[in-house]
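Colleague: what shape does this take:
(chains A and B)
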2 protein chains.
Amino acid sequence: MLGHLLKPEYEELIAQKDWESLRVAFEDLHPADIAEVLDDLPPEDSGVIFRILPRDVAGVAFEYLPLDQQAELVKTLGSEQLVNVLNGMSPDDRTRLFEELPAEVTRRALSTLNPDELKAARQLLGYPEGTAGRFMTPEYLTLKPAMSAREAIEFIRANGRGRETLNVLYVTDEKGALLYDVRLPDVVMAPPETQVSDIPTRHMVALPATAMRADVIEAFEKYDRVALPVVDSKGMLLGIITVDDVLDVAEQEATEDIQKLGGMEALEAPYLEIGAISMLKKRGGWLAVLMVGEMLTTTAMSYFEAEIARAVVLALFIPLIISSGGNSGSQATSLIIRALALRELELKDWWRVAGRELRSGLSLGLLLAVIGFLRIVFWPSAEHLYGPHYVLVGLAVGSSLIGVVTFGALAGAMLPFILRRVGADPATASAPFVATLVDVTGLVIYFSMALLILRGTML
Amino acid sequence: MLGHLLKPEYEELIAQKDWESLRVAFEDLHPADIAEVLDDLPPEDSGVIFRILPRDVAGVAFEYLPLDQQAELVKTLGSEQLVNVLNGMSPDDRTRLFEELPAEVTRRALSTLNPDELKAARQLLGYPEGTAGRFMTPEYLTLKPAMSAREAIEFIRANGRGRETLNVLYVTDEKGALLYDVRLPDVVMAPPETQVSDIPTRHMVALPATAMRADVIEAFEKYDRVALPVVDSKGMLLGIITVDDVLDVAEQEATEDIQKLGGMEALEAPYLEIGAISMLKKRGGWLAVLMVGEMLTTTAMSYFEAEIARAVVLALFIPLIISSGGNSGSQATSLIIRALALRELELKDWWRVAGRELRSGLSLGLLLAVIGFLRIVFWPSAEHLYGPHYVLVGLAVGSSLIGVVTFGALAGAMLPFILRRVGADPATASAPFVATLVDVTGLVIYFSMALLILRGTML
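Modeller: Residues are numbered from 1 along each chain as shown, chains lettered A, B, ... in the order given. Model (predicted):
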């Protein structure tokens, strides 16, 4: 498997620092072979070799190394090489490597990057989209518990430049594990000789790097902090999240929910900035899916074609009935989606919600039924417009409204729970889905009621 | 008009501090007469009298005083009397008085209150619902420009307890006008002898007390601050808003928008906490209004009853067509409402938006038309289901879809602009309103197209 040179010869070239010959010697070597050479070298040497490899070769060779060797090597790499290497890895390998890396290495990698690179690096570091790891910054300052308040202030004065925030300072042990945080005002207000460990602190709140966006927002709302620390599973401090970023995140989350409720994919940019093609893709996909779903109404109605032919007046109330069900459904859906997003509701509450929506739906349906019945029966030319059995038509419409509005409220409230249960985003096209579902069901309810009430008279 | 005693006799009682006799003497007096007595007294004396008046009498009497006298009197009142008096005034009088009051008096009134009272007092102080004045707190600390950094830190140490935030400090002139703000970290990092006026500061951002909720959120997002000062029209510092409150406000605003988009009034409490009656009121009102609107579809369809009777197959596609228009409309509405809320769009952009939605609508309509046409023409039993002229039926449905989807996108995008233009909240029931509008228009478009295409064959 080895290339043209034997391993001692590579070591010779490394010892001589003859990088140019090494680079040439590696050119014909398969990345797996390079990995084999690297594997046996001490990390300092493999780090040097890595630097002379072409970008793509380095990335692939890295993947052939065993995990512990990868972790060792990463510590010796410069930030650019690190980003390069991480970039070349498959996401699952990257996540595994990352779990292996000490927090300090991660921090170092992050702290040398500019904002754009930071964004890319956080992505590369394997934190899933929308988790705390993606929003954190390494620009914080740590204190040691044994410092005095005076020393802490001196330390801040000397090291505070360029930090994202100094309003909160993080106290860590010698290994980098987060002990607690103190507020700068409390450090300033403490008598100068007070030990940092004696400065008043608050109940410690730390976010795991894997915390979801909604949890991050909730923690900031609940604890009223300007910054919260992010830790790994061992309690090591990885970074902090500042509240100004959370505000952006909260607005973004609400925007996405609203756009999804509107029956489209969430846009990645403001309305006026998004390209025409991109806009059509985001909207056209769901519109087409929903229309295909809505074709079920055509199928459902074709079963009742004979009834419509006999009593055309029934067709007049179709839009009224299905839209009332749709409105009832979208009220329930938007309520539940928001309540789930704000964590006011959890999955286990579905049963309470179902009971509540059943009662609400029945009451609202009754209200609309009364209005609908009165509208039909007392309409000036009711008999002319709706035929001699217009009171029965009113009864059919009214009783259908009770059924449709109740079904709309129930279906609209339950769909977000179902979507959440199967791991999907409850906001995704819930409202129009409910509308389609309610349209089809509403037609069936309506014509069934009509058959029941009008059989023998009009049908 | 004067009561049983003459004015000198009141003055006599005041001079003797005979409060009990005074109180009895005032009991039978009309509040307007009391105001007349107070009007001529020096403010110190009128302040004393105010304190012995029963609550309701004091409030009414206060309203009879001229504005400048009110302002003088308010300065001498304790916080409890102040809240009492403000509580008794009509909102417009209160606002006028408040504009007259020096910022210091306002601050004093606010700073002695507990959170609940503060909330009430901010309301009483005349700031309209949802403005910066309603969210601000008086718990900040001011520095003077001539202080040294060392003095500033001493001052903070002595006076910092119980402030909402010390992360930002506000530098005011001797009259209380806001000059600029400095961050505590910058004060800490400055060499101790630096004057506060020489500590680095950022571009000064201050919110007027009348700034709307969306402006407040926008300012925090834009400037990434943990706190922003609130000033009156003369630049006097009134209070500060901290970012944790803004996060709550932003979430609340998004929640209300989502609930309104769902076609209901915004709830004031989480889903599980709201009472059943309250829930029905919030939902039933709009459901009923929308159903009454939707009755127009019945009226519209009754014009086409003859056509439906002749070609029942036309009825089958009614839900499909109107729901496609509704989906297109709710996409556009939710996009535009959110973009307006986030200030990505302004009123003057309506023309650009209209152009854009016209193009989007036509493209999306064409997409759905093709799908709809193919669905009808290539359906296995098309001829059996839709009759011998099923290709023409497909054409009628397809061309209607283009019209309905385009109209939906346009109407959905323009309604929020119209609502904003007339001073209403764009989110209010926009989506279901658009759906109703599109339903009626969609029916007219559909039957017109059908008449045009099917005349001579089916119609």
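Colleague: tell me which residues in the one helix or strand residue A:63 maps to are buried?
Modeller: Using DSSP states H and E, residue A:63 sits in helix A:55-64. Buried residues in helix A:55-64, counted by 16 or more other CB atoms under 10 Å in any protein chain shown: A:57-64. Backbone N, C-alpha and C define where each C-beta goes, glycine included.
Colleague: now, which of these sits nearest chain B?
Modeller: residue A:59 (35.4 Å; CB to the nearest CB).
Colleague: wait, isn't the closest one in contact with residue A:77?
Modeller: No - using CB atoms under 8 Å, residue A:59 is not in contact with residue A:77, being 11.9 Å away.
Colleague: and for those two, which residues touch both?
Modeller: residue A:85 (CB atoms under 8 Å, 6 or more residues apart in numbering or on different chains).
Colleague: just to revisit the earlier point, show me what the helix holding residue A:63 packs onto, helices and strands only.
Modeller: Counting contacts by 3 or more CB pairs under 8 Å, 6 or more residues apart in numbering or on different chains; DSSP states H and E, helix A:55-64 packs against helix A:31-40, helix A:43-52, helix A:79-88.
Colleague: what angle separates that helix from helix A:43-52?
Modeller: For helix A:55-64 against helix A:43-52, the angle by axes from the mean of the first three to the mean of the last three CA atoms, to 10 degrees is 150 degrees.
Colleague: mind listing what's buried in the following helix or strand past helix A:55-64?
Modeller: For helix A:55-64, the following helix or strand on the C-terminal side (DSSP H and E) is helix A:67-76. For helix A:67-76, burial by neighbour count (16+ other CB under 10 Å) applies to A:69-74, A:76.
Colleague: same thing with stretch A:241-255?
Modeller: A:241-247, A:249-251, A:253-255.
Colleague: could you pick out which of those residues are near chain B?
Modeller: A:243-244, A:246-247, A:250-251, A:254-255 (CB under 8 Å from any CB of the partner chain).
Colleague: can you tell me the SS state at residue A:411?
Modeller: Secondary structure assignment for residue A:411 (DSSP: H, G, I helix; E, B strand; the rest coil): helix.
Colleague: one step back: same list (the buried residues of helix A:67-76) but as a markdown table, adding distance to chain B and pLDDT.
Modeller: Listed next are the buried residues of helix A:67-76 as a markdown table, based on distance: CB to the nearest CB, whole Å; pLDDT from 0 to 100:
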| residue | distance to chain B | pLDDT |
| --- | --- | --- |
| A:69 | 42 | 76 |
| A:70 | 37 | 77 |
| A:71 | 35 | 74 |
| A:72 | 38 | 76 |
| A:73 | 37 | 77 |
| A:74 | 32 | 74 |
| A:76 | 34 | 74 |
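Colleague: now distance to residue A:154 too, for those, in JSON lines please.
Modeller: Listed next are the buried residues of helix A:67-76 as JSON lines, based on distance: CB to CB, whole Å:
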{"residue": "A:69", "distance to residue A:154": "42"}
{"residue": "A:70", "distance to residue A:154": "40"}
{"residue": "A:71", "distance to residue A:154": "36"}
{"residue": "A:72", "distance to residue A:154": "36"}
{"residue": "A:73", "distance to residue A:154": "37"}
{"residue": "A:74", "distance to residue A:154": "34"}
{"residue": "A:76", "distance to residue A:154": "33"}
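Colleague: out of the residues you listed, the closest to residue A:50 would be?
Modeller: The shortest approach to residue A:50 among these belongs to residue A:73, at 6.8 Å (CB to CB).
Colleague: could you measure from the closest one over to residue B:22?
Modeller: Here residue A:73 is placed at a distance of 90 Å from residue B:22 (CB to CB, to the nearest Å).
Colleague: repeat that for residue A:202.
Modeller: From residue A:202 to residue B:22 the distance is 51 Å (CB to CB).
Colleague: the more surrounded of these two?
Modeller: residue B:22 (21 against 14; other CB atoms under 10 Å in any protein chain shown).
Colleague: what about that one, which helix or strand?
Modeller: helix B:19-27.
Colleague: that helix - what's its average pLDDT?
Modeller: Helix B:19-27 carries an average pLDDT of 79.
Colleague: all strands of the stretch 101-250 of chain A, in order?
Modeller: A:142-143, A:168-172, A:178-183, A:207-208, A:227-231, A:237-242 (DSSP state E, counting those that start in this stretch).
Colleague: can you say which of those is packed in most?
Modeller: strand A:237-242 (a mean of 25; mean count of other CB atoms under 10 Å in any protein chain shown).
Colleague: got the angle between it and strand A:227-231?
Modeller: Strand A:237-242 runs at 150 degrees relative to strand A:227-231, counting by the same axes, to 10 degrees.
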